[in-house]
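K.L.:
based on what follows, work out the 3D shape:
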Amino acid sequence: MGWTAYDASVTPWSTSNARSRLLAWSIIGIVGWLGAIAIGAALWSAEPRSAGFDWELIVDAGRRVTAGLSPYDPDLLAGQAHLVAVDLFYSYPPPVAQAAAFVAGVPTLASLLALDGLAVIGAALVAAILARARPDLRGLDVVLPTVAVLPLLFPVTVALIFGNVDVLYPLVYGTLLLSAVGAGSGRVTTVAGGIALAVAAMAKIHPGGIALWLLVRGSRERRNRMEPRSWVVLLVALAAGLVILVTSLLVGGGGPWQDYLRVIGVAADADVVVRANIGPAAQVALAAGLDADAARGLYFVTLSAALGVTIAAAWRIADTMLSLAIGATASLILLPITWFHYPSALIPFAVAAIIRSAGGARPSRVIVLVFLAGLVASLTIVLPVAVWIAVGLVIAAVAESRPAAQPTPSGLPVATA
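P.N.:
Below is the predicted model of the structure:
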């Protein structure tokens, strides 16, 4: 397999000064990770503890499952709690707590570090598979910079320290990207993409918006007499989701799911107009001084717009990577709450844009756009909503990376029999 419209003369990875580049990235990575570890350790040791609380909510729910109880807080089930979006409570579907029951007896810090390790290894693996698409490129030239910059991106650092499960979004959305463009081993990435979508949608709901993209994209592929790869990924996702649902019912019965519906009903009345909620409806309401009821009305407008954008991108945009990047972004705002660490889902697209930029006429512009996106993401500690600027820059980089002559819709290598 090779890159379409590949031109080695414009590659940003010449062999000269390779050792200097690797040394520089190693230093950046060491400094960044030492800083992130120091911050995490300080927050973990603080009184009250300020690290790992999102993960501990899930582990505690798993402990309740192990004890034969409902994973949900009794006050929530009784409808006695008035919530705002930043309140801490377990509201994931039952399979998340049932899975967390397997680590209920493990110290929280150990399981948190395991979650973070999986996130970093997953992001590195996606980067390595993308790098294999370029015959002139060593995997280390992509994997090392990717891992080095992760702790410098504020949304990623927060997710790592707090234990948000969406710290796995670079792995999840990266796997979906690999499956969409056929990178790596076609069948393996197709199955992996479907499973990743099923697990993410079952845990966080909103990634399920990618199913709509796959449905429409498969129709486009069929119209163009191409292999409907997207439909295969979607079928795998549906099958995997059914397996998860049936397993959950066999393990816990229907009671946890009934409790989940009650909790969702209570959570639906939560005040979502908070600074940390970067969803468009909440931010408009915040800027205009509107209340939660007005924000819920605006939410249905943004939901309709996000679904419309997903359909339009899947059907009208020829470039698969750009189309999916837009669909992935739209999936982040399908619920009333969008936390500012969700956009870490776009990291694999930034990596892929740089890798394939050698097929375009202006690779330096792609690198600059990605650099600016990373810089903005690093500064979102001051203004979380600014992370959407970083998202826009990544999408612009993906668009800019398209080769001038593109014989396939993806611009990435596709598996051949």
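K.L.:
pull out the buried positions in the helix or strand containing I347.
P.N.:
In the assignment (DSSP states H and E), I347 maps to helix 347-356. Buried residues in helix 347-356, counted by 16 or more other C-beta atoms under 10 Å: 347-356. C-beta here means a position set from N, CA and C on the backbone, and glycine is covered the same way.
K.L.:
can you name the element that comes right after the least confident helix or strand in the chain by mean pLDDT?
P.N.:
The helix or strand of the chain with the poorest confidence is helix 74-77; it has a mean of 80 (mean pLDDT, DSSP states H and E). Using DSSP H and E, the helix or strand that follows helix 74-77 in sequence is helix 94-100.
K.L.:
which neighbouring elements make contact with that next one?
P.N.:
Applying 3 or more C-beta pairs under 8 Å, 6 or more residues apart in numbering; DSSP states H and E, one finds that helix 94-100 makes contact with helix 53-66, helix 186-204, helix 229-252, helix 255-267.
K.L.:
where are the low-confidence patches of the stretch 101-250 of the chain?
P.N.:
Applying pLDDT under 70 to the stretch 101-250 of the chain flags residues 184-185.
K.L.:
cutoff 50 now
P.N.:
In the prediction, the stretch 101-250 of the chain carries no residues with pLDDT under 50.
K.L.:
could I get the full set of helices for it?
P.N.:
Ranges of helices in the stretch 101-250 of the chain, per DSSP state H, counting those that start in this stretch, are 108-131, 140-149, 154-162, 169-181, 186-204, 209-223, 229-252.
K.L.:
what would those helices look like in a markdown table with distance to L375?
P.N.:
Formatted as a markdown table, the helices of the stretch 101-250 of the chain follow (distance: least, C-beta to C-beta, whole Å):
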| stretch | distance to L375 |
| --- | --- |
| helix 108-131 | 19 |
| helix 140-149 | 10 |
| helix 154-162 | 11 |
| helix 169-181 | 18 |
| helix 186-204 | 27 |
| helix 209-223 | 28 |
| helix 229-252 | 33 |
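K.L.:
from I129, how far out is A196?
P.N.:
13 Å (C-beta to C-beta, to the nearest Å).
K.L.:
who has more neighbours, these two?
P.N.:
A196 (27 against 23; other C-beta atoms under 10 Å).
K.L.:
residue contacts, the closest residue to that one other than its chain neighbours?
P.N.:
Excluding the flanking residues, the one nearest A196 by C-beta to C-beta, 6 or more residues apart in numbering is T175, at 4.2 Å. When contacts are counted by C-beta atoms under 8 Å, 6 or more residues apart in numbering, T175 touches 126, 189, 192-193, 196.
K.L.:
first to last residue in stretch 265-276, what's the distance?
P.N.:
In terms of C-alpha to C-alpha, to the nearest Å, the two terminal residues of stretch 265-276 are separated by 22 Å.
K.L.:
that should have said stretch 344-363, apologies.
P.N.:
For stretch 344-363, the end-to-end distance is 23 Å (C-alpha to C-alpha).
K.L.:
what's the mean pLDDT across that stretch?
P.N.:
The average pLDDT for stretch 344-363 rounds to 85.
K.L.:
quick one: distance of it to the chain centre.
P.N.:
Counting by C-alpha atoms, centre = their mean, to the nearest Å, stretch 344-363 is centred 17 Å from the centre of its parent chain.
K.L.:
which of the helices of the stretch 101-250 of the chain sits most buried?
P.N.:
Looking across the helices of the stretch 101-250 of the chain with neighbours counted as mean count of other C-beta atoms under 10 Å, the highest average goes to helix 169-181: a mean of 28.
K.L.:
before we move on, back to that, return the closest of the buried residues of helix 347-356 with respect to A328.
P.N.:
For the buried residues of helix 347-356, the residue nearest A328 by C-beta to C-beta is F349; the value is 7.2 Å.
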